[in-house]
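*Asks:* Need a 3D model of the sequence below.
(one chain, ligands or ions: 1)
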Amino acid sequence: MSDSDESNKPQKKYNDFDCPNCNANNPYDEGITDGAEVRCYYCGQEFRARIDESGKLKLREI
Ligand SMILES: [Zn+2]
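*Replies:* Model prediction:
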């Protein structure tokens, strides 16, 4: 029986982000994980979230 075959790397998750475009802080209750698409509520720009190996959140404009 194998009840723990999930990756043992902790999945880093952010609950907010600072918009690189307008610097506004956007709370994100559903959580931002690696590969997620997020949208700034202030300027409307969409970003692809990447979380690197050191756990830093990076955003690229879509
Ligand atoms: Zn913005």
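*Asks:* Work out for me the element the residue nearest to residue 48 when sequence neighbours are not counted sits within.
*Replies:* Nearest residue to residue 48 in three dimensions, chain neighbours excluded: residue 60, at 5.0 Å (C-beta to C-beta, 6 or more residues apart in numbering). Where you see a C-beta, it was placed from the backbone N, CA and C, and this is true even at glycine. Residue 60 is located in strand 57-61, with elements delineated by DSSP states H and E.
*Asks:* Near the ion, which residues of the chain? Just list them.
*Replies:* Within the chain, the positions near the ion by C-beta under 5 Å from the ion are 19, 21, 22, 24, 40, 42, 43.
*Asks:* from memory the fourth one sits against residue 42, does it?
*Replies:* Yes - counting by C-beta atoms under 8 Å, residue 24 does reach residue 42; the two are 4.0 Å apart.
*Asks:* where do the helices sit along this structure?
*Replies:* For the chain, helices defined by DSSP state H do not occur.
*Asks:* Would you tell me which strand is longest in it?
*Replies:* strand 25-32 (DSSP state E).
*Asks:* Contact partners for residue 48?
*Replies:* 35, 36, 37, 59, 60, 62 (C-beta atoms under 8 Å, 6 or more residues apart in numbering).
*Asks:* returning to that earlier point: what's the ChimeraX syntax to select whichever of the residues of the chain next to the ion are buried?
*Replies:* Filtering the residues of the chain next to the ion down to the buried ones (16 or more other C-beta atoms under 10 Å) takes a single ChimeraX command:
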select :19,40
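*Asks:* Fine by me, we can end here.
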